[in-house]
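*Asks:* sequence unknown, structure follows:
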C-alpha cells in the first residue's frame with residue numbers, strides 16, 4: 001500500500017481524532033487515520049441504496065401526500081389530547 005499525504009484543517013483533525021477514539025474504544029484495537037476514513041466512508045455509503053429508494057419518485061401526487069400527512073397529524077393530536085385527559 002502506498003501512502004498519500006492530505007492537508008486538513010485543525011478542527012477537522014480534532015473531529016477525526018474524536019472518531020478515532022470512539023472507534024478504538026468500541027473495537028478495543030488501536031486505529032489510525034486510514035481506519036477512521038474507511039469507517040466514515042463505509043458509514044456514508046452503507047445505506048446508499050436505501051437513500052436512493054427514499055429519494056425516488058413514489059408515483060403519488062404531493063397533494064395526496066400532504067393530505068395524508070395532515071390527516072395523520074390530526075389523528076396524533078386527537079390521541080394526544082385523549083391521553084392528556086386520561087392522565088391529567
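*Replies:* Alright, I've got the coordinates. Fair warning: this is a prediction, and the values are worked out from it, not measured in the lab.
*Asks:* lowest confidence element among the helices and strands of this protein?
*Replies:* The least trusted helix or strand in the chain, going by mean pLDDT, DSSP states H and E, turns out to be helix 48-55, with a mean of 80.
*Asks:* report the buried residues of it.
*Replies:* Residues of helix 48-55 classed as buried: none (neighbour count, 16 or more other C-beta atoms under 10 Å). Where C-beta positions appear, they are placed from N, C-alpha and C, glycine not excepted.
*Asks:* that one: what's the following helix or strand?
*Replies:* Later in the chain than helix 48-55, the nearest helix or strand by DSSP states H and E is helix 62-87.
*Asks:* sorry, back to before: show me what the least confident helix or strand of the chain is packed up against.
*Replies:* Using 3 or more C-beta pairs under 8 Å, 6 or more residues apart in numbering; DSSP states H and E, no helix or strand is in contact with helix 48-55.
*Asks:* from the chain's centre, how far out does it sit?
*Replies:* 12 Å (C-alpha atoms, centre = their mean, to the nearest Å).
*Asks:* what do you get for stretch 12-29?
*Replies:* Counting by C-alpha atoms, centre = their mean, stretch 12-29 comes out at 18 Å from the chain centroid.
*Asks:* what lies in contact with that stretch?
*Replies:* By C-beta atoms under 8 Å, 6 or more residues apart in numbering, the surrounding residues in contact with stretch 12-29 are 8, 30-33, 35-37, 39-40.
*Asks:* and if we set it to 6 Å?
*Replies:* Contact partners of stretch 12-29, identified using C-beta atoms under 6 Å, 6 or more residues apart in numbering, comprise 31, 36, 39.
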